[in-house]
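Engineer: Show me the folded form of this:
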Amino acid sequence: MKKILTAGWMWDGERRVVENPVLLIDNEQIIATLTCKESMPDGWERAERVDRPGRWILPGMINAHTHLYSALARGMAVSPFAPRTFTEILEQLWWRLDKALTLEDVSMSGLVGAMEAARCGVTTLVDHHASPNAVEGSLDVLRDAVSGQVGLRGCYCYEVSDRDGAAIARAGIEENRSFLKSLSEGSGRESGLFGLHAAFTVSDETLESVAKVLSEDRGVHIHVAEGPEDERQSEAAYGMRIVERLDRFGLLRPNSIFAHCIHLDEHERDLIAERGTAVVHNPRSNMNNAVGLLDIPAFLDRSIPVGLGTDGLGCNMLGELMTAGLVQKHTREQSLAGDFGMLDQLLFRNNPLIAERQFGGDIRFGRIEAGGPVDLAVLDYVPPTPINAGNVFGHLLFGVAVHALRVGDLWVGGREVLRDGAFVELDEERIYMRSRETAASLWKRL
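Structural biologist: Below is the predicted model:
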């Protein structure tokens with residue numbers, strides 16, 4: 001179906017800002033991006049118009065590492081909770097939560113998490129899931145909630161770990177294997193990786209089992225050196241550092257995602273660069289867990305694609321981007337650290353690259369251009385100063401991120417997810433009522 005979308009401004013995600021843009025949309029594809037002064041091509045006279053005067057069109061954003069199952073943890077209290085290390089945070093909070101999850105909880109967390117991501121202008125999620133007592137079918141449940149019901153693009157995996165015993169580790173391997181086998185080639189709506197929790201909870205035997213069943217066209221999604229304990233354990237138990245160990249099993253691949261990577265040394269960074277593996281930075285989660293600062297320049301200087309994720313701590317990618325810049329400035333005591341160029345690389349260059357590696361095909365993520373996918377966010381943002389190609393990040397960070405992010409419309413692959421502030425296909429009030437009931441029941445089981 002042909003549609004015409006107009007607004008006050010459009011940023012194409014690269015170099016172009018258009019005032020009073022006119023986007024011609026035909027099903028899943030952008031046909032043309034015009035200005036209001038350019039003539040409409042023949043055949044568009046009867047197209048449906050979606051007029052959003054005074055609003056700002058941006059490319060749909062990508063969250064390159066998240067945990068949707070954390071959506072039901074908001075406000076949750078656990079006792080005892082007095083962690084002294086990062087591992088104790090996992091033991092006292094997150095590993096207790098994930099063991100209590102049922103498939104119903106997984107579905108609801110995926111549904112609510114994807115809805116909140118949509119309200120933040122996110123069109124693509126790269127999720128890392130765990131539910132040790134509800135492994136089988138969990139990725140199908142997530143796919144149905146995120147890609148089916150809400151309509152976002154999703155890349156899914158199950159985090160294999162030995163922390164809950166060999167049987168659950170084998171179930172996790174099988175869940176990844178069967179889910180990846182079920183994916184349709186070139187669907188563009190869904191993809192998958194082979195999930196691993198972190199090196200310190202995965203034995204060599206399990207890594208070998210994963211390497212045997214992992215096809216050449218898929219990568220792994222794993223936490224790497226998030227806390228300092230990860231490296232200490234690896235050296236004590238295996239006589240080598242984490243990245244060296246993962247490389248022994250052939251897991252450093254261009255389509256693999258290594259989340260965090262805070263405590264790597266120079267040799268490990270060189271290995272990642274040589275293999276072309278992507279790294280995903282999660283600044284607010286790192287600060288919340290007090291695990292350290294990622295040396296972003298050390299990765300970017302090696303041409304390693306460093307993307308941006310939330311690690312399940314919310315879904316606001318612009319807020320995450322603002323934090324990424326501020327923490328570099330504050331920690332380094334350098335006002336020019338974490339500049340706009342670096343931030344642009346993280347969210348609007350490397351996250352699209354990471355998504356393109358996972359979804360394949362001809363989709364060019366993160367751009368609004370003729371022939372591109374209709375992955376768009378329309379922001380309710382009234383700029384008090386001019387917007388142009390040179391000051392986009394000034395508005396994104398010091399306008400939208402620090403004030404109010406309000407997404408009025410969201411389009412994903414041509415499907416309208418939000419229209420004028422409301423979900424097109426979902427009863428938000430009823431879903432959130434069910435979510436509160438589901439969360440209350442989950443909390444009682446902890």
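
Engineer: okay, which residue is most central for the protein?
Structural biologist: What sits nearest the mean C-alpha location of the chain, by Cα atoms, centre = their mean, is Asn63, with 2.0 Å.

Engineer: just checking, what packs against the strand or helix carrying that residue?
Structural biologist: For Asn63, the host element (DSSP states H and E) is strand 61-66. For strand 61-66, the elements it packs on are helix 103-118, strand 122-127, strand 257-260, strand 278-281, strand 306-308, helix 317-332, helix 351-359, judged by 3 or more Cβ pairs under 8 Å, 6 or more residues apart in numbering; DSSP states H and E. All C-beta spots, glycine's among them, are computed from the backbone N, C-alpha and C.

Engineer: Listing partners with orientation, what would you give for that strand?
Structural biologist: Under the criterion DSSP bridges, strand 61-66 sits next to strand 122-127 (parallel) in its sheet.

Engineer: State the mean pLDDT of the helix or strand that the strand it pairs with is followed by.
Structural biologist: On the C-terminal side of strand 122-127, the closest following helix or strand by DSSP H and E is helix 138-143. The average of the pLDDT scores along helix 138-143 is 98.

Engineer: What is helix 138-143 packed up against?
Structural biologist: helix 103-118, strand 153-156, helix 166-182.

Engineer: Per the annotation, how does the protein divide into domains?
Structural biologist: Under the assignment automatic domain parsing, the domains of the chain span 2-59+376-412, 61-359.

Engineer: Share the number of residues neighbouring Glu88, please.
Structural biologist: A count of neighbours around Glu88, defined by other Cβ atoms under 10 Å, yields 14.

Engineer: Could you confirm it falls within a helix?
Structural biologist: Yes. Assessed with DSSP: H, G, I helix; E, B strand; the rest coil, Glu88 lies in a helix.

Engineer: In stretch 362-376, which of the residues would be classed as buried?
Structural biologist: For stretch 362-376, burial by neighbour count (16 or more other Cβ atoms under 10 Å) applies to 363-368, 372-376.

Engineer: any idea how far that stretch is from the chain center?
Structural biologist: Put simply, stretch 362-376 sits 18 Å off its chain's centre (Cα atoms, centre = their mean, to the nearest Å).

Engineer: Can you measure across it, start residue to end residue?
Structural biologist: Chord length of stretch 362-376, first to last residue, is 17 Å (Cα to Cα, to the nearest Å).

Engineer: so where's the longest strand in this structure?
Structural biologist: In the chain, assigned by DSSP state E, the strand with the most residues is strand 48-59.

Engineer: follow-up on the earlier one: residues in contact with the strand holding Asn63: which ones?
Structural biologist: Contacts with strand 61-66, where a contact means Cβ atoms under 8 Å, 6 or more residues apart in numbering, come from 113, 117, 120-128, 221, 257, 259, 278, 280, 282, 307-312, 315, 317-318, 347, 350-352, 354-355, 365-366, 377.

Engineer: Quick check: mean pLDDT of stretch 227-241?
Structural biologist: According to the model, stretch 227-241 has a mean pLDDT of 96.

Engineer: and that stretch, which residues are buried?
Structural biologist: By neighbour count on 16+ other Cβ under 10 Å, the buried set for stretch 227-241 is 227, 229-231, 233-234, 241.

Engineer: What are the buried residues along stretch 31-44?
Structural biologist: Going by neighbour count (16+ other Cβ under 10 Å), the buried part of stretch 31-44 is 31-34, 44.

Engineer: What is the neighbour count of Gly309?
Structural biologist: Gly309 has 30 neighbours, counted by other Cβ under 10 Å.

Engineer: Compute the distance between the closest residue to it other than its chain neighbours and Leu90, please.
Structural biologist: Closest residue in space to Gly309, ignoring its immediate chain neighbours: His65 at 3.0 Å, by Cβ to Cβ, 6 or more residues apart in numbering. Distance of His65 to Leu90, computed by Cβ to Cβ, to the nearest Å: 16 Å.

Engineer: go on, Val424?
Structural biologist: Counting by Cβ to Cβ - Val424 and Leu90 are separated by 38 Å.

Engineer: more crowded one of the two?
Structural biologist: Each of Val424 and Leu90 has its neighbours counted (other Cβ under 10 Å); Leu90 has more, 21 against 13.

Engineer: which SSE is the nearest residue to Pro21 once chain neighbours are set aside in?
Structural biologist: Residue nearest to Pro21 in three dimensions, not counting chain neighbours: Met10, with 3.8 Å by Cβ to Cβ, 6+ apart. According to DSSP H and E, Met10 maps onto strand 2-11.
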